[in-house]
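**Student:** Okay, predicted coordinates and the sequence, questions at the end:
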Amino acid sequence: MIRTTARRGPAGGQPVGSLDPSEENPWHTLAACRRDEAGLFFAPSKEPTAARLAREEHAKQVCAGCPVLLACREHALAQPEPYGVWGGLTAAERRVVLARRRRRVAEPTLLPVPRERGRIAG
């Protein structure tokens, strides 16, 4: 969930921007969440579980239609963002993704062991 001010394009009030972070208008200027309240993406203190689950589901629906969903998700994973719904994932879901990525990197690649021909072990 990104809050930022952005220039509006000439046609239909659409934001102008680029997915390239080095550009003047980075990916978050195109984020669908810019039009929603921050409270939808971040939990208020002492929020009941049922209310949190409903709010997170609604936030994920906004994310599902976002043109920069993957850029937002990768940003949240790279930071890592500890709170809120980012890129269609909750903080807990992002922790799972990061743990899987760490395991994948840590696992040795299983390559076939070359066999020597004509030698008998022993």
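**Tutor:** On my side now, so go ahead.

**Student:** in this structure, which spans are helices?
**Tutor:** 49-64, 69-78, 91-106 (DSSP state H).

**Student:** which of the ones you listed sits most buried?
**Tutor:** Among those, helix 69-78 has the highest mean neighbour count (mean count of other C-beta atoms under 10 Å), at a mean of 18. C-beta: built from backbone N, CA, C; applies to glycine.

**Student:** Taking helix 91-106 as reference, get the angle to that helix.
**Tutor:** 80 degrees (axes from the mean of the first three to the mean of the last three C-alpha atoms, to 10 degrees).

**Student:** between helix 69-78 and helix 49-64, how many degrees?
**Tutor:** Using the same axes, to 10 degrees: helix 69-78 against helix 49-64 is 130 degrees.

**Student:** For helix 69-78, give the mean pLDDT please.
**Tutor:** If you average the pLDDT over helix 69-78, you get 94.

**Student:** Cool, thanks, talk later.
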